[in-house]
Structures are given as structure tokens and as C-alpha cells.
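Visitor: quick one, fold the following:
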Amino acid sequence: MDCCIQCPEHCVVNVRKTQKYESFSAKTVILVRLVNMTFQELSTNSQDYLKVLWDLREWSDKAVQPTDLARKTGMKPSTVSGAMARLTTQGLVTHAPYGDIILTPLGEQYALKMVRRHRLLETFLVEKLGYRWDEVHKEADQLEHAASDLMIERIDESLGHPTKDPHGDAIPGPNGEMDEDKSILLTAAPEGAKIRIERVSDEDSKLLRFLQQQGLSIDGTATIGKFTPYSDIVTLVLPSGANVVLGASAAERIRVTRLDDGNSPGQA
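Guide: This next block holds a predicted model:
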């Protein structure tokens, strides 16, 4: 005779236990799958967040907060919190509520992969397709998700394996290797210092156009002019004798090395 007829209560308990174990097993499989997610399986949003986290740390020594990420991406804080929770589950960041957001080794590896794609594409657009340096950032943002690994490596080969993009930013190698950045923010250079422009943030196209119009470019040189007390203005004196006046928000988007005698590059 069927067991369910003889002892229905016992069978119901067994069915419930089986369902519970099956549910637990399914959740475990999903969690393991998330933690072992490959770069190609990440959503474009997740890839973008990783790249932005790297960019924020690259331009500042301060720890990244959710508010920084929200300001940078234009997303609502609640949206950023949800995204960080997913990246934490995937083992790509560590983030306690209201705490710092830190890339894990795997998260950094994926972030550098995105940075490499972006900067190689920017370089390709300028050198091969004739784009200006102020036109390429948004284009590269779109292309970096669509390009295959093979295409990126072919672009790298066609460009002769460049180490810097049009804005002076270092291009990570295939394995994420990068030279140490010894530049300083323009705002950290003292009055009278002779400097060489090493990097300019690529996010503000208007600033890039302005700098180009003023004769400032990567590897260009200048001298820090006289500071005005209680002012955030930085004046650059070009070799031609022309003065270029920059506000603090613009100066903080430029990194330089010092060329003064007795000072090694990157020291303030």
C-alpha cells in the first residue's frame, strides 16, 4: 500500500524537507555563480561602475564613498547602493553600509580591463580616425562595451602598443600592469615652479577645447605665475609669455610634473 495512505503526516514532512533542501541548493548555486562571474558576464552597468571606481581613486587619494559615486555617475544614492550590493555579492567590491567602497583584487582586475579598453579606443579614434581629444570620451564609453577582446588587442597592435592615451592617461597592459604615476595635481605646484603637463581629465570636453585654444597640451611646459591671496585662481605662464588663467575646478583636472633643478618629477 502507498506510504501516503498509511502515514500522510510523515510524507508531508518529508516533502517539505525536500523542497527546503532544493530551495537551499538552488540559492547556493546562484550565489556561487555570481561570485564566479566572468568579465563578459557582467552587465554594462556593473562594468561602468568598476571603471568609475578606478577613475575616482586614480585622481584622488581619498577613499570612495557612495555619495562620490552618485555624484560622478549622476545616479540616485539608492541606485548606487543597490549596485554596490550586487558588486559585493559578486566579490568585486567590499562595502559596509555608509562605509568606503573598495575594489577587491578581482574587481580591480576587471576595472583595469575596462580602463584599457576605454583608453585604447580613445587613442584609436584620435590617431586613426582624426577625432579631437575633446570628442573621444563619450564615443569610447559607447564602444568599450561592444568591442571584443580580439578587437581591442588588434587595435593595440595597430597603434604600436601605446602607453598613454591622448589625455596623458596611462594605458594598462593586457594583464593590468601600469607604470607608477608620479605626477601631482596642478594645484599642488608652488608659485614659480616650472612644470610639464602630464595628464588632463577627459570628462569635461569644454575644458579640453579651452586648453587647446590657449595652446596647452600634453607634454607642454609652463611656469606657475604669481598667486593671488585668498583666490583659487592659478596662472600659467607659457614659453611664449602668454598667461593662461584657470579656476580651481579646472586646475584640479590637470596633473603635472615639476621641471625645476634639484627636484625630481612628481615631487612638490
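
Visitor: contacting residues around stretch 194-204?
Guide: By Cβ atoms under 8 Å, 6 or more residues apart in numbering, the residues outside stretch 194-204 that reach it are 59, 122, 133, 136-137, 165-169, 181, 183, 186, 189, 207-208, 211, 216-224, 253-260, 265. For every residue, glycine as well, the C-beta is placed using N, CA and C.

Visitor: which residues in the protein form strands?
Guide: Remark: strands assigned in the chain by DSSP state E are 93-95, 101-103, 184-185, 194-200, 221-224, 234-237, 243-246, 254-258.

Visitor: for residue 54, find the nearest of those strands.
Guide: Set against residue 54 and scored by Cβ to Cβ, those come closest in strand 101-103, at 6.9 Å.

Visitor: which other helices and strands does the closest one contact?
Guide: helix 44-59, strand 93-95 (3 or more Cβ pairs under 8 Å, 6 or more residues apart in numbering; DSSP states H and E).

Visitor: to residue 70, which of those lies closest?
Guide: Once the helices and strands packed on strand 101-103 are compared by Cβ to Cβ, helix 44-59 is nearest, at 10.5 Å.

Visitor: does anything pack onto the closest one? Which helices or strands?
Guide: helix 66-73, helix 77-89, strand 101-103, helix 105-129, helix 136-146.

Visitor: so how far is it off the chain centroid?
Guide: 4 Å (Cα atoms, centre = their mean, to the nearest Å).

Visitor: could you shift the numbering so residue one becomes 750, and keep it that way?
Guide: All set: I'll call the first residue 750, so the last point we hit is now helix 793-808.

Visitor: quick one: it to helix 885-895, angle?
Guide: 130 degrees (axes from the mean of the first three to the mean of the last three Cα atoms, to 10 degrees).

Visitor: low pLDDT regions in the stretch 850-999 of the chain?
Guide: Under the criterion pLDDT under 70, no range of the stretch 850-999 of the chain is flagged.

Visitor: can you list the domains in this structure?
Guide: 752-784, 933-1007 (automatic domain parsing).

Visitor: and the gap between residue 870 and residue 951?
Guide: As for residue 870, its distance to residue 951 is 12 Å (criterion: Cβ to Cβ, to the nearest Å).

Visitor: got the buried residues for stretch 822-835?
Guide: By 16 or more other Cβ atoms under 10 Å, the buried positions in stretch 822-835 come out as 824, 829-830, 832-833, 835.

Visitor: what do you get for stretch 888-897?
Guide: 889, 892-893, 896.

Visitor: just the closest of the residues you listed to residue 791, please.
Guide: residue 893 (12.5 Å).

Visitor: wouldn't the closest one be in contact with residue 868 here?
Guide: No. Counting by Cβ atoms under 8 Å, residue 893 sits too far from residue 868 to count as a contact (9.4 Å).

Visitor: contact partners for the spatially most central residue of the chain?
Guide: By Cα atoms, centre = their mean, the chain has its centre lying nearest to residue 804, at 2.9 Å. By Cβ under 8 Å, 6+ apart, the residues touching residue 804 are 821, 864.

Visitor: circling back to that earlier point, nearest to residue 984, of the helices and strands packed on strand 850-852?
Guide: When those are compared (using Cβ to Cβ), the closest one is helix 793-808, at 22.4 Å.

Visitor: hey, which of the strands of the chain is tucked in deepest?
Guide: Counting by mean count of other Cβ atoms under 10 Å, strand 1003-1007 has the highest mean neighbour count of the strands of the chain, with a mean of 24.

Visitor: setting aside sequence neighbours, what's the nearest residue to residue 872?
Guide: Counting by Cβ to Cβ, 6 or more residues apart in numbering, residue 872 lies nearest to residue 914, which is 4.9 Å off, once chain neighbours are set aside.

Visitor: picking up where we left off before, make a markdown table out of the strands of the chain and add distance to residue 858.
Guide: Formatted as a markdown table, the strands of the chain follow (distance: least, Cβ to Cβ, whole Å):
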| stretch | distance to residue 858 |
| --- | --- |
| strand 842-844 | 12 |
| strand 850-852 | 9 |
| strand 933-934 | 27 |
| strand 943-949 | 23 |
| strand 970-973 | 36 |
| strand 983-986 | 36 |
| strand 992-995 | 36 |
| strand 1003-1007 | 24 |
